[in-house]
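Engineer: build me a structure from this.
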Amino acid sequence: MANIKPFRAVRANKDIVSLVSSRSFDFYTNEEVDEILATNPYSFLNIIKPTFRDIDGDLTAEQRFNEVKGNYLKFKEQKIFLREEISCFYIYKKIKNGITYCGIIAATSTDDYKNDVIKKHENTIKSRKNLFKNYLKSVGFNAEPVLLTYPDNDAISQIMNVYQKTEPEYSFNSSQNNSNFLWLITNKDDIDVIKKEFQKMKSIYIADGHHRSASSFLLSQELKSLNPNHTGLEDYNFFMSYLIPESSLKISSFNRFIKDLNGLSKDEFLDKLNKTFKIKNLGQRVYTPSKKHHFSMYLDGDYYSLYLKKSTYKIENPLSDLDAQLLFDTVLKPILGIKNLKNSNKIEYKPAINLDNKLKSEVDSGKFKVSFGLFPASVNQLKTIADANLKMPPKSTYIEPKLRSALTLYEF
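Structural biologist: Numbering: from 1, shown residues only. So this is what the prediction gives:
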């Protein structure tokens, strides 16, 4: 039973939201950040700049976090941010490259995270979880929702469709020419229907935001231990999420780029690959995998297609059926000597979106020796791996939509 609730968001007035809301700062270059900070005093980047501008490490983490909190309070004092009068669900629609994503921004239960109602498919790093937990404790808000997915639901879709026929609270284009729309769900009956439909769901799934979810859970446990009057209803028992139907989720893959052949010659490397894959040299013809267990490879000036010889590889569980795991088990570890994907300096990853040519250019540049392209994982694979309590290798999925910061903020 998934427990979500409406909340009183802190958000900008519709007249300036396009200036306030930002991409996650990881997606900006240093030059872009500098330009925004110099020209746009409303940007959310002005609030979080201590977390990425302290290049020399002159500030402690606590000092940086406290400065973020101070900047946030200034935005509230200046009425750039205002808190909603009543609790709402929020319908957020994003249109990117002709693809529409539409879901609900809500507060999601940390107990559901603890009890595995919210399913995970990635491992988390303890140090990152604790660092972000401390950040959340200092600043007191979520600015970017965790991306969760749920089974398509007619009742929820009908409510969202009705609101989308009305004038949105927000309607603006971002600097990447993405269209953004926001509607408020304030009607109690509609709110009750949405809550009850989620309560019928046995599980919902993290698509993107495993560390943010884990950090919110850790914080809820800490604040619970410090509150002798804890009831379970406090805002710290929830975190902000964007819930999107499974059919609306878009999953792409990450290409793998390898720096050396582990001491093998080209012919020795191909001979070892041939034991597990049917290999075809395609010369300069670009190949993109069209089905599961097919891979593209670029090596020494040529593209190759690799098709798994099913008799050579045993699928034992949902994880071993995943192409990212299969490539690790058959090539990266036994042939190329990459034993730990988390800390190896021999491998790099790049999203496969519009980057087919990168398989060639990155290798031709001499930076890498060989590159691999993978067929994207499916939503069903993500779910079955999470249901089996298994964890995908790093960079197994590149998931969209990518969400904006400071469209709505959740205080706790």
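
Engineer: which other helices and strands contact the single longest strand found in the chain?
Structural biologist: Determined from DSSP state E, the single longest strand within the chain is strand 99-109. Packing partners of strand 99-109 (3 or more C-beta pairs under 8 Å, 6 or more residues apart in numbering; DSSP states H and E): strand 4-5, strand 89-96, helix 154-164, strand 238-245. Glycine gets a C-beta too; all of them are placed from N, C-alpha and C.

Engineer: that one - what's its average pLDDT?
Structural biologist: Mean per-residue pLDDT for strand 99-109: 98.

Engineer: which parts of that strand are buried?
Structural biologist: Neighbour counts over strand 99-109 (16 or more other C-beta atoms under 10 Å) mark Y101, C102, G103, I104, I105, A106, A107, T108, S109 as buried.

Engineer: please look at the first one and K402 and confirm they touch.
Structural biologist: If I follow you right, that is Y101. No - judged on C-beta atoms under 8 Å, Y101 makes no contact with K402 at a distance of 9.6 Å.

Engineer: please enumerate the helices of the stretch 201-350 of the chain.
Structural biologist: Using DSSP state H, counting those that start in this stretch, the helices of the stretch 201-350 of the chain run over 210-226, 266-274, 323-327.

Engineer: so what touches the first one?
Structural biologist: Yep, that's helix 210-226 we're talking about. 110, 113-114, 118, 120-125, 128-130, 132-133, 135-137, 142, 144, 146, 206, 230, 234, 236-237, 239 (C-beta atoms under 8 Å, 6 or more residues apart in numbering).

Engineer: and the angle from that helix to strand 99-109?
Structural biologist: Angle of helix 210-226 versus strand 99-109, following axes from the mean of the first three to the mean of the last three C-alpha atoms, to 10 degrees, is 20 degrees.

Engineer: run the chain-centre distance for helix 210-226.
Structural biologist: Helix 210-226 has its C-alpha centroid displaced from the chain centroid by 19 Å (C-alpha atoms, centre = their mean, to the nearest Å).

Engineer: circling back to that earlier point, direction included, what does the longest strand of the chain pair against?
Structural biologist: Its sheet considered, strand 99-109 pairs with strand 4-5 (antiparallel), strand 89-96 (antiparallel), strand 238-245 (antiparallel) by DSSP bridges.

Engineer: now do the helix or strand following the shortest one: which elements does it pack against?
Structural biologist: Downstream of strand 4-5, the next assigned helix or strand under DSSP states H and E is strand 10-12. In this structure, strand 10-12 makes packing contacts with helix 17-20, strand 81-83, judged by 3+ C-beta pairs under 8 Å, 6+ apart.

Engineer: hey, which of the helices and strands packed on strand 99-109 is tucked in deepest?
Structural biologist: strand 238-245 (a mean of 25; mean count of other C-beta atoms under 10 Å).

Engineer: compute the inter-axis angle for that one and helix 154-164.
Structural biologist: Taking the same axes, to 10 degrees, one finds that strand 238-245 is oriented at 90 degrees with respect to helix 154-164.

Engineer: ok, and what's touching stretch 138-147?
Structural biologist: So stretch 138-147 is contacted by 10, 24, 44, 48, 62, 65-66, 68-69, 72, 105, 108, 136, 206-209, 212-213, 216, 239-242, 244, 399, 401, 403-406, 408-412 (C-beta under 8 Å, 6+ apart).

Engineer: how far is it from where the chain is centred?
Structural biologist: The chain centre lies 14 Å from the centre of stretch 138-147; the measure is C-alpha atoms, centre = their mean.

Engineer: need the pLDDT of D56.
Structural biologist: With respect to pLDDT, D56 has a value of 58.

Engineer: apologies, that question was intended for D189.
Structural biologist: Predicted confidence (pLDDT) for D189: 98.

Engineer: that one - that's part of a helix, no?
Structural biologist: Yes - judged by DSSP: H, G, I helix; E, B strand; the rest coil, D189 forms part of a helix.

Engineer: adjust the sequence numbering to begin at 87 for everything that follows.
Structural biologist: Renumbered: residue one is now 87, and that last one reads D275.

Engineer: residues near it, how many?
Structural biologist: As a burial measure, D275 scores 8 neighbours (other C-beta atoms under 10 Å).

Engineer: tell me the bridge partners for Y256.
Structural biologist: Going by DSSP bridges, Y256 forms beta bridges with L268.

Engineer: turn the helices of the stretch 287-436 of the chain into CSV, columns for distance to I122 and mean pLDDT.
Structural biologist: Converted to CSV, these look like this (distance: least, C-beta to C-beta, whole Å; pLDDT from 0 to 100):
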stretch, distance to I122, mean pLDDT
helix 296-312, 23, 98
helix 352-360, 45, 98
helix 409-413, 35, 98
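
Engineer: could I get those helices as a markdown table with mean neighbour count and distance to D388?
Structural biologist: Formatted as a markdown table, the helices of the stretch 287-436 of the chain follow (neighbours: other C-beta atoms under 10 Å; distance: least, C-beta to C-beta, whole Å):
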| stretch | mean neighbour count | distance to D388 |
| --- | --- | --- |
| helix 296-312 | 19 | 37 |
| helix 352-360 | 15 | 10 |
| helix 409-413 | 22 | 19 |
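
Engineer: can you tell me which of those is nearest to Y435?
Structural biologist: Nearest of the helices of the stretch 287-436 of the chain to Y435, taken as C-beta to C-beta: helix 409-413 at 9.9 Å.
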